[in-house]
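Student: I need the structure of the sequence given here:
(one chain, ligands or ions: 2)
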Amino acid sequence: MMASASASPLGGVQKARLIQIGSEWLGLGLPCQPILGPCTADIHVGELFRRLADHGITMTRAGWWKPRSGADSFPGHGSTGGRWVLDAARDYGMEVVSVEVMDTSHLDAVRRVRDDSGFDGTIVCWVGARTKNQPLLRALGDQTEFPVMLKHGLADAGVEVVLNDLEFVTRGTQRWDDSGNLILDDSTPKNDNILLCVRGLEKPVHSDTPHRFDSNPDWIGKLQKHRPVVLDPSHIAGKTRFVWPVLEEGLAHRPSAVMIEVHFGPGDPKRRVALCDAAQAVPIDEVPRILEMLAQHNA
Ligand code: PEP
Ligand code: MN
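Tutor: Ligands and ions are numbered 1, 2, ... in the order given. Purely as a prediction, here's the structure:
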């Protein structure tokens, strides 16, 4: 649901918009919220969500389809994995589940899995850094069932590129007449329930950062003027030990939420390892450290 300025929990006029996701409001001036979960859903997602719920987490992430840099890398369990995720979310009281959709067919698949599982929380459909495409952006704008999170691309030249992509979502599908004139049609509702996500940029060849991607925390403040911004320190960091400094650096720019990859970790007696992005997963035992950082930041 998109709030009007007067209905905002801050009471006053807000320049940037506020969005309600689950029971939380996200936006400039409001506490930064955690969105935690595995990079990719695996068969153990139920236990992971149970343990996240024990830590009070209600907003999660878990990929069903994963774009990969190698053709032989695990691409996610698709709708089967989605069913594990939504059944677990339903069973452990998760209010929000976030999932990457790579093309327009995935929107229908998400709908089907949701209806089959009976999950009645919010599903945020996100556009990933590698698979952004204009038909998908427009299709996300044409529907109002799922809030959207728009991750910027790996090589986006600046926030202007992100704002341009944002317009494809807010406009949705448009029509031009035979002479090539744009026909403005406001009769169909467009989705304006949109988050933006800062996730790091491709490094120059001779970069000396130890992180997987170049950190771009200054984009947070610039984008936050337009929509609530989610910081993804996991993909910037690339390694678990770098997630902490990247998170700290990013929090200084006041994101509305942080989305962090979590898995069982090296202490897991069953030795379960994340099928995707294991090197950057924060062990579930360290979730309190994330929450403590957010509590201090929000105080
Ligand atoms: C992810 O969040 O798991 C992911 C693949 O992100 P990105 O598209 O930013 O690389
Ligand atoms: Mn990942």
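
Student: neighbouring contacts of stretch 177-192?
Tutor: 2, 17, 140-144, 146-148, 169-172, 174-176 (C-beta atoms under 8 Å, 6 or more residues apart in numbering). Bear in mind the C-beta positions are built from the backbone N, C-alpha and C, glycine included.

Student: now that stretch: how far from the chain's centre is it?
Tutor: Taking C-alpha atoms, centre = their mean, to the nearest Å, one finds the center of stretch 177-192 at 28 Å from the center of the full chain.

Student: Report pLDDT for the residue in the stretch 1-150 of the chain that ligand 1 sits nearest to.
Tutor: Residue of the stretch 1-150 of the chain nearest ligand 1, by C-beta to the nearest ligand atom: Gly128 (3.1 Å). Gly128 is assigned a predicted lDDT (pLDDT) of 98.

Student: List the buried residues of stretch 133-144.
Tutor: Going by neighbour count (16 or more other C-beta atoms under 10 Å), the buried part of stretch 133-144 is Leu136, Leu137, Arg138, Ala139, Leu140, Gly141, Asp142.

Student: So which of these is the closest to ligand 2?
Tutor: Leu136 (18.7 Å; C-beta to the ion).

Student: helix or strand for the closest one, which one?
Tutor: Assigned by DSSP states H and E, Leu136 falls within helix 134-141.

Student: same for the following helix or strand past that helix, what does it pack against?
Tutor: Remark: after helix 134-141, the chain's next helix or strand is strand 148-151, criterion DSSP H and E. Strand 148-151 makes packing contacts with strand 122-127, helix 134-141, helix 159-171, strand 194-198 when contacts are defined by 3 or more C-beta pairs under 8 Å, 6 or more residues apart in numbering; DSSP states H and E.

Student: Each with direction, which strands does the helix or strand just after the longest one pair with?
Tutor: Read that as helix 159-171. On the C-terminal side of helix 159-171, the closest following helix or strand by DSSP H and E is strand 175-176. Here strand 175-176 has these sheet partners by DSSP bridges: strand 182-183 (antiparallel).

Student: Let me know the average pLDDT across the partner strand.
Tutor: For strand 182-183, the mean pLDDT works out to 94.

Student: Also stretch 17-35?
Tutor: 94.

Student: Quick one: distance of it to the chain centre.
Tutor: Distance, centroid of stretch 17-35 to centroid of chain: 13 Å (C-alpha atoms, centre = their mean).

Student: Stretch 162-169 too?
Tutor: Worked out by C-alpha atoms, centre = their mean, stretch 162-169 lies 16 Å from the chain centre.

Student: Stretch 252-261 now?
Tutor: 10 Å.

Student: And ligand 2, is it touching that?
Tutor: No: judged by C-beta under 5 Å from the ion, stretch 252-261 and ligand 2 are separated, with a smallest distance of 5.5 Å.

Student: what sits against Gly81?
Tutor: So Gly81 contacts Thr40, Ala41, Asp42, Val45, Ala62, Gly63, Trp64 (C-beta under 8 Å, 6+ apart).

Student: quick one: which of those is most hemmed in?
Tutor: Ala41 (32 neighbours; other C-beta atoms under 10 Å).

Student: Confirm for me that it is in contact with Trp65.
Tutor: No: checked against C-beta atoms under 8 Å, the pair Ala41 and Trp65 is beyond contact range at 9.9 Å.

Student: Mind listing the shared neighbours of these two?
Tutor: By the contact definition C-beta under 8 Å, 6+ apart, Ala41 and Trp65 are jointly contacted by Gly76.

Student: Run through this protein and note the low-pLDDT ranges.
Tutor: Low-confidence segments of the chain (pLDDT under 70): 1-16.

Student: Quick check: closest non-adjacent residue to the residue of the chain found nearest ligand 2.
Tutor: Evaluated by C-beta to the ion, the chain has Cys39 as its residue closest to ligand 2, separated by 3.3 Å. The shortest distance from Cys39 to any non-neighbouring residue, by C-beta to C-beta, 6 or more residues apart in numbering, is to Asp277 (3.9 Å).

Student: So which residues on the stretch 51-200 of the chain come close to ligand 1?
Tutor: Contact residues, the stretch 51-200 of the chain versus ligand 1 (C-beta under 6 Å from any ligand atom): Gly63, Gly128, Ala129, Arg130, Lys151, Arg199.

Student: switch the cut-off to 5 Å
Tutor: Proximity of the stretch 51-200 of the chain to ligand 1, by C-beta under 5 Å from any ligand atom, involves residues Gly128, Ala129, Lys151, Arg199.
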